[in-house]
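**Student:** Sequence and predicted model, in that order:
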Amino acid sequence: MKIKDMFEQKEHLISFEIFPPNKNFSEEKLKNVTAELVEYKPDFISVTYGAGGKTKGGTIEMASYIKNNLKTEVLAHLTCVGSKKSEINDYLQEAKNHNVKNILALRGDVPVGETEEIYNKGDYKYASELIRDLRKNREFHDFSIGGAFYPETHYENNDLVDLFHLKNKVEAGTDFLTSQMFFDNNIFIKFKEQAEKLDIKVPLVAGIMPVTNAKQIKRIIELSKCSVPKKLDKLLEKYGDNLESMKKAGIMYASEQIIELLAYGIKGIHIYTMNKPEIAREIMKNIEFAR
Ligand code: FAD
């Protein structure tokens with residue numbers, strides 16, 4: 001089923017994100033992870049694409065496995081930076097052949113070991129160009145297409161310019177938008193109000209990253225530049241050196257974030273599981289009453 005239609009039918013959607021197999025995470029292990037994840041009944045599972053430029057394969061294969069073997073809806077990520085139209089079309093054709101018809105259309109970043117020259121190598125400069133092209137393509141125009149957004153602004157821009165580009169991305173044919181992680185719900189709510197003033201009407205999905213490992217999250221926060229509220233800072237300070245306690249505190253923090261966002265009527269919650277099903281399990285238990 002198309003995610004666009006799911007949003008129309010349900011009060012809100014809850015989804016999980018996984019990354020495809022790589023040299024440290026085997027396909028077999030990931031199949032076990034996904035088999036457990038579907039038990040917690042997400043509305044769909046998304047599979048990332050070549051994140052960081054290291055792994056390009058595996059997205060459609062894993063999405064196909066979840067959709068066709070585990071009978072759960074999927075969203076396949078796709079980045080266009082440095083790609084030719086023919087490569088994008090091959091990917092989309094492969095997706096279609098496997099009955100995968102929801103795509104998160106992204107620009108991507110400069111892969112490790114490459115320079116910014118890559119932005120001039122491919123046929124697309126921005127995600128909106130990919131989305132516009134998709135909508136014009138008779139083969140793929142009926143895919144449900146999502147895009148990304150940044151409640152605290154994309155690192156290359158200031159907030160007004162970024163919002164303007166986001167509006168353009170929606171007008172290109174985006175059905176829903178999923179956010180980068182954030183830890184302060186007020187920032188997300190304020191962004192939603194600003195987007196509404198610009199007449200951005202598609203569902204805004206909140207990307208929730210459970211903080212379960214202090215070291216790892218500090219690196220991610222540095223890269224994404226998202227702000228850390230005092231409450232989370234205190235949890236990191238107190239439990240950061242104790243893996244088990246940090247995991248419990250991080251799961252509680254993420255659960256509270258989700259419960260509050262649902263009370264605000266947010267249409268979608270996307271949980272970055274980092275391929276750890278136990279995190280999804282605990283959060284789903286905590287938020288069960290709010291679903
Ligand atoms: P765009 O929407 O193209 O925006 C990129 C920048 O360009 C922004 O600053 C924007 O304001 C600016 N811009 C847009 N249009 C124009 C224009 N016409 N003129 C000038 N400037 C413009 N990366 C991966 O590699 N794989 C993944 O699977 C992946 N999944 C992600 C999932 C989510 C939910 C999110 C939030 C990010 C994900 N990313 C992934 C990271 C993403 O690729 C990067 O954040 C990337 O830097 C921007 O991608 P975008 O699609 O938002 O780009």
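**Tutor:** Looks like it arrived, so ask away.

**Student:** What parts of the stretch 151-291 of the chain come near the ligand?
**Tutor:** With Cβ under 6 Å from any ligand atom as the criterion, the stretch 151-291 of the chain comes near the ligand at residues 154, 156-157, 161-162, 165, 169, 178, 180, 207. (C-beta placed from N, C-alpha, C; glycine too.)

**Student:** Which two among those are spaced furthest apart?
**Tutor:** 161 and 207 (21.1 Å; Cβ to Cβ).

**Student:** These two - which one has more neighbours?
**Tutor:** residue 207 (21 against 12; other Cβ atoms under 10 Å).

**Student:** which helices and strands does the host helix or strand of the more buried one pack with?
**Tutor:** Assigned by DSSP states H and E, residue 207 belongs to strand 204-208. With contacts taken as 3 or more Cβ pairs under 8 Å, 6 or more residues apart in numbering; DSSP states H and E, strand 204-208 sits against strand 13-18, strand 176-179, helix 185-197, helix 243-263, strand 268-272.

**Student:** If we use 6 Å, what do you get?
**Tutor:** Applying 3 or more Cβ pairs under 6 Å, 6 or more residues apart in numbering; DSSP states H and E, we find strand 204-208 packed against strand 176-179, helix 243-263, strand 268-272.

**Student:** out of those, nearest to residue 48?
**Tutor:** Here strand 268-272 is closest among these (Cβ to Cβ), at 9.5 Å.

**Student:** how distant is the closest one from the center of its chain?
**Tutor:** When distances are taken as Cα atoms, centre = their mean, to the nearest Å, strand 268-272 is centred 7 Å away from the chain's centroid.

**Student:** okay, the closest residue to residue 229 other than its chain neighbours: pLDDT?
**Tutor:** If the residues on either side of it in the chain are set aside, residue 229 comes closest to residue 184, at 4.7 Å by Cβ to Cβ, 6 or more residues apart in numbering. Listed pLDDT for residue 184 reads 97.

**Student:** Residue 71: neighbour count?
**Tutor:** Around residue 71 sit 8 other residues, with neighbours defined as other Cβ under 10 Å.

**Student:** Which of the helices or strands spans the closest residue to it other than its chain neighbours?
**Tutor:** In this structure, residue 71 finds its nearest non-sequential neighbour in residue 38, 7.8 Å apart by Cβ to Cβ, 6+ apart. Of the helices and strands defined by DSSP H and E, residue 38 is found in helix 27-39.

**Student:** List the contacts of the helix or strand hosting residue 60.
**Tutor:** In the assignment (DSSP H and E), residue 60 maps to helix 59-64. Helix 59-64 has contacts (Cβ atoms under 6 Å, 6 or more residues apart in numbering) with 20, 47, 49, 74, 76, 94-95, 98, 100.

**Student:** and if you look at stretch 210-230?
**Tutor:** Residues contacting stretch 210-230 (Cβ under 6 Å, 6+ apart): 152, 155, 180, 182-184, 236, 240, 246-247, 250-251, 254, 279.

**Student:** Please indicate which of those residues are buried?
**Tutor:** 152, 180, 182-184, 236, 240, 246-247, 250-251, 254, 279 (16 or more other Cβ atoms under 10 Å).

**Student:** of these, closest to the ligand?
**Tutor:** Comparing the buried ones among the contacts of stretch 210-230 against the ligand with Cβ to the nearest ligand atom places residue 180 closest, at 3.9 Å.

**Student:** so what's the closest one up against?
**Tutor:** 150, 207, 224.

**Student:** for residue 77, same thing?
**Tutor:** Residue 77 neighbours (Cβ under 6 Å, 6+ apart): 48-49, 104.

**Student:** Identify each buried residue in the helix or strand bottoming out on mean pLDDT in the chain, please.
**Tutor:** Here the helix or strand of the chain ranked lowest by mean pLDDT, DSSP states H and E is helix 118-121, holding a mean of 83. For helix 118-121, a neighbour-count test (16+ other Cβ under 10 Å) marks 118-119 as buried.

**Student:** hmm, that helix in reach of the ligand?
**Tutor:** No - Helix 118-121 does not reach the ligand (Cβ under 6 Å from any ligand atom); its nearest approach is 9.8 Å.

**Student:** Which other helices and strands does that helix contact?
**Tutor:** Using 3+ Cβ pairs under 6 Å, 6+ apart: helix 118-121 touches no other helix or strand.

**Student:** can you count the residues close to residue 102?
**Tutor:** Neighbours of residue 102 (other Cβ under 10 Å): 24.

**Student:** Spit out the contact partners of it.
**Tutor:** By Cβ under 6 Å, 6+ apart, the contact list for residue 102 reads 3, 75, 144.

**Student:** try it again with 8 Å
**Tutor:** Residue 102 makes contact with 2-3, 44, 73-76, 143-146, according to Cβ atoms under 8 Å, 6 or more residues apart in numbering.
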